[in-house]
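Visitor: Have a look at this fold, sequence not included:
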Ligand SMILES: Nc1ncnc2c1ncn2[C@@H]1O[C@H](COP(=O)(O)OP(=O)(O)O)[C@@H](O)[C@H]1O
Ligand SMILES: [Mg+2]
């Protein structure tokens, strides 16, 4: 089911006054898409999911599911009127019910006949590999098992929309990786429109068909994972996506004989090829992998002194000062050790300019 | 070895620190109970010789119509009052758990009846049930529920209802208080999950909240049962156990014997009451899991 959000706004009123948690969010989520909402903690991700589930009412704006208005001026449909399933960060398993009882809960509410409930619960349990746990209580399960129960309970309903609120954040690193892969496969298999919330950019990049980056309740950029990586719309997205994070440098854009270039304090750093740039102060961004560090000077390089060389395995992460700004670069040359003089060149095609 | 020595010293010091409490418990709890137990084996009536009769007071109690009456009344009262207290208390707790304006004020108001000393609240109810100028008759007559003023404490059923109202009014707030604490311990995620699972508000309460409240309700049930078993002050002030002994509780029955100077029989009745209370308290401690080492 496709979902459309129009100028969605949510304010909370507390003792300290009114503050806006979500501000004019416009989104179109496609049928069957795995859509990821990425943003730092407190940016309003859970609030947006609660609005989609119908647990909260928007302050203004519209939410439509498959063309039907769910929330808008003078209209609000609660969770009972929406076929939306949700996996909470805490998993929210009913502690007094068995795993079977938990998965069967939404079917019991929907008054599905008992034999069909049994069949569907068993099928969902088999799909998630938790058949052996059906008789256990949630208190007896590990974090990973609880998570599977929560997912089984969400998919057993055959919902129109699946919402995930940071479902992997309580798992250890190894399990998180394995579950991520499974989740993606499961979603592909079921083809249910899914909205997945996370603060982890790697999770967002690997899972999402498209990723919306949110900060302070405002939509920063909406693109495919590679689109975000290659064409970040602003400084925030540039630094949030990719590891090691992109270098950002405050510099001045100058023009010499019709050619634009970026420099810092009289040092000419890199020629700029992008059209439509104006002279004056700006920021340039470049990923550590897009800075070439060599032992000998090359055309366009700037001399540097390596402050720190951190081996990451295949690559070495170098830190040095480039015209007064701390930057990092990746190299494969193990000879570039701490304290050495070297030469850094920014690959002009890879430079991002942020005004 | 040094470690062991410290532990032993620690144990001795612990006894030193709890000694005042132990002294208190012995002086005011263990000693009176032992004394009552001892007295219950004697025929001990003021101005008459004290005589050891062993279990005769107890065997007498079981065939004593007055004791049976008191015991029956106490059980009936528990059976009616405690469920009513739990129901009303829980209902108030659910209301107070909502996002209401001035929530703090409402909570404080509901607790007032429980904070008033029983003797004082019993006096208030005595005024309410007054035949000539009481509020109960004012309402009964003006609303047309009764043809004329009702002599509340004059009939067995009227007395029972009067006591019931006074007791529930006073103790339902206690239930509301502990159930409210229980309600606030129910994770909001679970309720949100149930709503997303398309449960109605009532289903959320019945299928999620109520099962999670079970331990708290069990505690409330046992507390109220033990407390109602000993019911005395409201009855003493409101009906004095009448009419015709119909509202005499076991406590009041024992008190009447003490007041009449029959310490032996009064002690035996008190001991019977104590044993039932003790059994229930033991059950409570077992269910609440206090006895177990942490
Ligand atoms: N019910 C609420 N009342 C008041 N403030 C809230 C409420 N829910 C969330 N907030 C505030 O809204 C902001 C965003 O919260 P949330 O959506 O949970 O962020 P995220 O999930 O991205 O970490 C936070 O500052 C939080 O304190
Ligand atoms: Mg959140």
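Guide: Cool, got the structure. Owing to the predicted nature of the structure, the values given are computational and were not obtained by experimental measurement. Ligands and ions are numbered 1, 2, ... in the order given.
Visitor: Give me the pLDDT value at residue 10.
Guide: Since you didn't name a chain, this refers to chain A. Note on residue A:10: pLDDT of 95.
Visitor: right idea, wrong chain: chain B
Guide: 61.
Visitor: So residue B:258 is in contact with residue B:266, correct?
Guide: Yes: judged on C-beta atoms under 8 Å, residue B:258 makes contact with residue B:266 at a distance of 4.1 Å. To be clear about C-beta, it is placed using only N, CA and C from the backbone, and glycine gets the same treatment.
Visitor: Looking at the two, which is more packed in?
Guide: Higher neighbour count among residue B:258 and residue B:266: residue B:266, with 24 against 14, using other C-beta atoms under 10 Å in any protein chain shown.
Visitor: measure that one to residue A:173 for me?
Guide: Look at residue B:266 and residue A:173: by C-beta to C-beta, to the nearest Å, they are 72 Å apart.
Visitor: Please apply the same query to residue B:92.
Guide: Distance from residue B:92 to residue A:173, by C-beta to C-beta: 48 Å.
Visitor: Please identify which of these two sits among more neighbours.
Guide: Taking other C-beta under 10 Å, residue B:92 and residue A:173 do not tie; residue B:92 has more neighbours (21 against 7).
Visitor: So that one: helix, strand or coil?
Guide: helix (DSSP: H, G, I helix; E, B strand; the rest coil).
Visitor: so who does it touch?
Guide: With contacts defined as C-beta atoms under 8 Å, 6 or more residues apart in numbering or on different chains, residue B:92 is in contact with B:110, B:172, B:173, B:176.
Visitor: Show only the entries of the residues you listed found in strands.
Guide: Among the contacts of residue B:92, no residue falls in strands (DSSP state E).
Visitor: Please identify which residue in chain B comes closest to ligand 1.
Guide: Distance from ligand 1 to each residue of chain B (C-beta to the nearest ligand atom) is smallest for residue B:188, at 9.4 Å.
Visitor: in the stretch 201-350 of chain A, which spans are helices?
Guide: A:201-207, A:225-230, A:235-240 (DSSP state H, counting those that start in this stretch).
Visitor: a markdown table for these, including mean pLDDT and distance to chain B?
Guide: Compiled in a markdown table, the helices of the stretch 201-350 of chain A are given as follows (pLDDT from 0 to 100; distance: least, C-beta to the nearest C-beta, whole Å):
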| stretch | mean pLDDT | distance to chain B |
| --- | --- | --- |
| helix A:201-207 | 93 | 21 |
| helix A:225-230 | 94 | 28 |
| helix A:235-240 | 93 | 27 |
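Visitor: got a markdown table for the ones you listed, with mean neighbour count too?
Guide: Shown next, in a markdown table, are these (neighbours: other C-beta atoms under 10 Å in any protein chain shown):
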| stretch | mean neighbour count |
| --- | --- |
| helix A:201-207 | 20 |
| helix A:225-230 | 17 |
| helix A:235-240 | 20 |
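Visitor: Now do the end-to-end distance for stretch A:24-33.
Guide: 22 Å (C-alpha to C-alpha, to the nearest Å).
Visitor: From the rest of the structure, what touches that stretch?
Guide: A:1-9, A:35, A:48, A:61, A:191-195, A:209-210, A:212, A:214, A:217-219, A:222.
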